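Enquirer: Here is my input, please return the structure:
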Amino acid sequence: MTPDRTAPEDGIAARRAALHLIEQATGGQRLLSETIGAGALERLSPPDRARAQRLATQTLRQLPRADRALKPFLVKQPPLAVRNALRLGAVEIMEGAAAHGVVNALVQIMSKGKRTQSYKGLVNAVLRKLGDQPPEAFAKLPVPKLPNWLRGPMVEAWGRKAVDAMEAVHAAAPPLDLTAKGDPAALAERLGGALLPTGSVRLTGAGQVSALPGFEAGDWWVQDAAAAVAARVLDAQPGERVLDLCAAPGGKTLQLAAAGAEVTALDLSETRLGRLRENLGRTGLAARVVQADALEFDETGFDAILLDAPCSATGTIRRHPDLPYAKDGAEFGALIGLQAEMIDHALTLLKPGGRLVFCTCSLLPDEGEVQVEEALARHGDLTLDTGALARPGIEAGWIGPEGLRLRPDYWADRGGMDGFFIACLRRGPERG
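Expert: Numbering: from 1, shown residues only. Okay, the predicted model is just below:
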């Protein structure tokens, strides 16, 4: 199913595009960001584009619940394109949308597809039956579980109770976190948001980001509260030479530049660096931007390096619920090897006594705690600076012997946070 380019009917274009995104994730093993980056939504109006992304994201977030709700009304599973239309409709109905509008739109979409037109009667009948269900029937549906390929290692690492708590956070639409260029308390008051203990500003029901006060002026940027902690641990000082490896789209670069450091922002992707340059321009902050392979970059003498290494991104599922469907863990071994290479190379770029903050947005210890254990074993002059992790808002129980572990179930009553691992490593002084 391809996204609608011309349909003028209310809701049709957004729903058709949402179905394309869902199908690419569930059948094509492509992340939403990849499909959108390939131009899937480019011809939609801004409101339809936003609606399509919201519908796709929420359907994927609630997909196991939708399947459970639909199961009593299906004798056998229809083709994936039809199943996804039923899932999207089920999620909309479960969230309180008028059933007749949802049904009419999806029946119309089904009737225009060669592969789906013969199923329009099924979609009509099933969704109308679902729409007749009382709201309390949906409230009893269980919290969606992570797929077995990921849930197993997570339970082994953190225990079943903790994983259950993380899944509960994953099931809710996340709030929007911002990092202030200036005073975060003033920004929170201005936007009617909450000031989090770590200094991020959290908004609920924010709507269109670019329409929020201060966006055009560059007073803030979007950055999950957990991700923002890494640059705070690095604690860049005015005038320090700081390297941000794997920098795009630039949230951490902006933090380092706002602290007054002389920042070099490096990334392999020129496309992603385009977003970083846009963010620098919007905020009026300065950094030297370099497009290069991090493993081939050989400039040395940096006071500090921030390495947010490529990883499984399993810590971002609360914001990217497509990941469990688009990935299966097959590439994780290669990523773990790459992370070790990048740590070793980054250390050669530090001046003696310099510090490296290594972080990953992963919930898997192999991409966090284990990496630090093995790096310390490989480098005799390397030390772990646990004192650097004791930043405002960081609870003592989050700091372990290898570094700082952040999880989605932390601050669950506030909307949670991304899963992140952060460690501060110090290179030994130069020997005379």
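Enquirer: quick one: pLDDT of Glu270?
Expert: Confidence at Glu270, expressed as pLDDT, is 92.
Enquirer: Could you identify the helix or strand that succeeds the strand with the most length in the chain?
Expert: In the chain, ranked by residue count with DSSP state E as the criterion, the top strand is strand 350-360. Using DSSP states H and E, the next helix or strand after strand 350-360 towards the C-terminus is helix 369-378.
Enquirer: Flag every buried residue along that following helix.
Expert: 369-372, 375 (16 or more other CB atoms under 10 Å). Yep, even glycine has a C-beta here, placed from its N, CA and C like the rest.
Enquirer: count of residues packed around the nearest residue to Pro238 once chain neighbours are set aside?
Expert: Using CB to CB, 6 or more residues apart in numbering and skipping residues adjacent in sequence, the residue nearest Pro238 is Gly260, 3.3 Å away. Residues contacting Gly260 under the criterion other CB atoms under 10 Å number 12.
Enquirer: can you check the one 3 residues further on too?
Expert: If you count neighbours by other CB under 10 Å, Val263 ends up with 28.
Enquirer: Mind telling me what element it is part of?
Expert: Assigned by DSSP H and E, Val263 falls in strand 262-267.
Enquirer: And for Ala231?
Expert: Ala231 is part of helix 225-234, with elements assigned from DSSP H and E.
Enquirer: in the sheet, who's paired with Ile305?
Expert: Applying DSSP bridges to Ile305 yields these beta-bridge partners: Leu243, Leu356.
Enquirer: I figured it hits Leu350, correct?
Expert: Yes: Ile305 is in contact with Leu350 according to CB atoms under 8 Å; the separation is 6.0 Å.
Enquirer: Would you agree Ile343 is in contact with Thr360?
Expert: No: contact criterion CB under 8 Å: Ile343 and Thr360 do not qualify, at 10.7 Å.
Enquirer: what is in contact with these two at once?
Expert: Overlap of the contact sets of Ile343 and Thr360 (by CB atoms under 8 Å, 6 or more residues apart in numbering) consists of 309, 371.
Enquirer: quick revisit: what does the following helix or strand past the strand holding Val263 contact?
Expert: Following strand 262-267 in sequence order, the next helix or strand is helix 270-283 (DSSP H and E). Identification of contacts with helix 270-283 by CB under 8 Å, 6+ apart yields 37, 181, 215-216, 218-219, 221, 247-251, 253-254, 257-258, 265, 267, 286-287, 289, 291.
Enquirer: Which ones among the residues you listed lie within strands?
Expert: For those, secondary structure assignment (DSSP E) places 221, 265, 267, 289, 291 in strands.
Enquirer: ok, of those residues, which come out buried?
Expert: In terms of neighbour count (16+ other CB under 10 Å), the buried residues within those are 221, 265, 267, 289.
Enquirer: What residues of stretch 112-132 count as buried?
Expert: For stretch 112-132, by 16+ other CB under 10 Å, it's 113, 116, 119-120, 122-124, 126-128, 130-131.
Enquirer: now do the same end-to-end measure for that stretch.
Expert: Start and end residues of stretch 112-132 are separated by 26 Å (CA to CA, to the nearest Å).
Enquirer: just stretch 191-199 next, same as before
Expert: For stretch 191-199, the first and last residues are 15 Å from each other (CA to CA).
Enquirer: could you give me the average pLDDT of it?
Expert: Per-residue scores along stretch 191-199 average to 97.
Enquirer: who touches it?
Expert: Counting by CB under 8 Å, 6+ apart, 177-180, 184-185, 187-188, 201-204, 212-214, 225, 228-229, 232, 391-394, 411, 414 sit against stretch 191-199.
Enquirer: to the chain's geometric centre, what's the distance from stretch 263-273?
Expert: Centroid displacement of stretch 263-273 relative to its chain, using CA atoms, centre = their mean, to the nearest Å, is 19 Å.
Enquirer: mind listing what's buried in it?
Expert: Neighbour-count burial for stretch 263-273, counted by 16+ other CB under 10 Å, picks out 263-268, 272-273.
Enquirer: moving C-terminal of the helix or strand bottoming out on mean pLDDT in the chain, what's the next helix or strand?
Expert: Within the chain, no helix or strand scores below helix 135-139, which has a mean of 89 by mean pLDDT, DSSP states H and E. As assigned by DSSP H and E, the chain's next helix or strand after helix 135-139 is helix 148-158.
Enquirer: can you give me the angle that following helix makes with helix 369-378?
Expert: Using axes from the mean of the first three to the mean of the last three CA atoms, to 10 degrees, one finds that helix 148-158 and helix 369-378 are set 60 degrees apart in direction.
Enquirer: Which elements pack onto helix 148-158?
Expert: The criterion is 3 or more CB pairs under 8 Å, 6 or more residues apart in numbering; DSSP states H and E, and the helices and strands that helix 148-158 contacts are helix 160-170.
Enquirer: got a list of what Leu55 touches?
Expert: With contact set as CB under 8 Å, 6+ apart, Leu55 has these partners: 14-15, 18, 88, 91-92.
Enquirer: Next up, identify which helix or strand it is on.
Expert: If you go by DSSP H and E, Leu55 is part of helix 46-61.
Enquirer: Check which residues of that helix are buried.
Expert: By neighbour count on 16+ other CB under 10 Å, the buried set for helix 46-61 is 48-53, 55-61.
Enquirer: Distance from it to the middle of the chain?
Expert: With CA atoms, centre = their mean as the basis, the mean position of helix 46-61 lies at 15 Å from the chain mean.
Enquirer: What of stretch 331-350?
Expert: On the basis of CA atoms, centre = their mean, stretch 331-350 sits 21 Å off its chain's mean C-alpha point.
Enquirer: ok, of the ones in strands among the contacts of helix 270-283, which one's closest to Ser312?
Expert: Ranking these by separation from Ser312, with CB to CB as the measure, puts Asp267 on top at 18.7 Å.
Enquirer: Give me the nearest residue to that closest one, chain neighbours excluded.
Expert: When the adjacent residues along the chain are set aside, Asp267 lies closest to Ala248, with 4.1 Å between them (CB to CB, 6+ apart).
Enquirer: what sits up against stretch 257-269?
Expert: Around stretch 257-269, the neighbours that count as contacts under CB under 8 Å, 6+ apart are 181, 231, 235-248, 250, 253, 256, 273, 276, 280, 283, 285-294, 297, 299, 302, 304.
Enquirer: ok, of those residues, which come out buried?
Expert: Taking 16+ other CB under 10 Å as the criterion, what is buried in the contacts of stretch 257-269 is 181, 231, 235-236, 240-248, 250, 253, 256, 273, 276, 280, 283, 285, 287, 289-290, 294, 297, 302, 304.
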